[in-house]
Structures are given as structure tokens and as C-alpha cells.
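>>> Quick one, fold the following:
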Amino acid sequence: MIKQIVFGAAAGALALAPLSAIAGPYANIEANAGWSGSDYSGAVTDIHLGFEGGDGPYSWYVQGGPAIVQPDGADSEVEFSGKIGGAVAASEKLSVYGEISGITGDDNNSYGGKAGVKFLF
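Coordinates of the predicted model:
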């Protein structure tokens, strides 16, 4: 399911590409580790390829690829993860952004989201 969402979003973004400027493809390697107090729970390393673009105050990106899941004390696994996001400049000093992400899993797929406001000084 997450593969369908990510690839569908990528196809949609590429279909809209003629309507907006495409900055182009990129590679993004990102490691995220977690702790609860001093207890290390593990890490996930994303190895993504993506596209980004924008037009005027709007920017977007879509990326996906393998994710190396390394739980503490267990064997590593390779899953698929992806992200889609964008931002809108509300003014010269204020932008609003959001991202939806997901990763496959043996039993369940996991999804996440974030939204925020960025103020420039």
C-alpha cells in the first residue's frame, strides 16, 4: 500500500511537472536513531532518490527507496520508505510546510506526518 501511495504521489508530481519548475533529482541519505531515556531502541537509515520542484511561493518534493531498519539487539532488515512534502511561502518571513512519510513492515506499514510554520528573522 505505501508503495502505491509513494509511487502514485511521484507520478502525480511528475505529471504536474510541466506546470511548475523542476529543480531536479537528488539523493538523500538520512539516519534516524531513537532513545527512551538512556535506553537505545535502534535506528533507521533511509537511502532515497527524489525529485523536487516549485513555482513562486510553492515548493514540493517526493522521495523513496530502501530503508535499513536496525533495532537494538535484533537483526537488520531492509524495508521500503518514502516521503512527500511541500511548503508555501505565506510572506517573505513566514512559510508553512508539511510532510507525509511511510515505511513498509513485516506485519504493519507505518505512517507519519508533520506540519510546521517557519519564521525568518
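
>>> Check the spacing between the residue of the chain most remote from its centre and residue 109 real quick.
In the chain, residue 38 marks the outermost C-alpha relative to the chain mean, sitting 27.3 Å out by Cα atoms, centre = their mean. Distance of residue 38 to residue 109, given as Cβ to Cβ, to the nearest Å: 30 Å. From N, CA and C alone the C-beta is placed, and that goes for glycine too.

>>> Could you do residue 47 as well?
Going from residue 47 to residue 109 by Cβ to Cβ gives 18 Å.

>>> likewise residue 117?
According to Cβ to Cβ, residue 117 stands 29 Å off from residue 109.

>>> what pairs with the residue nearest the centre of the chain across the strands?
The centroid of the chain falls nearest to residue 83 when counting by Cα atoms, centre = their mean (2.6 Å). Residues in a beta bridge with residue 83, per DSSP bridges, are residue 63, residue 101.

>>> Could you do residue 87 as well?
residue 59, residue 97.

>>> and if you look at residue 53?
When bridges are called by DSSP bridges, residue 53 pairs up with residue 22, residue 60.

>>> For it, give its distance to residue 26.
Between residue 53 and residue 26 the distance, using Cβ to Cβ, works out to 11 Å.
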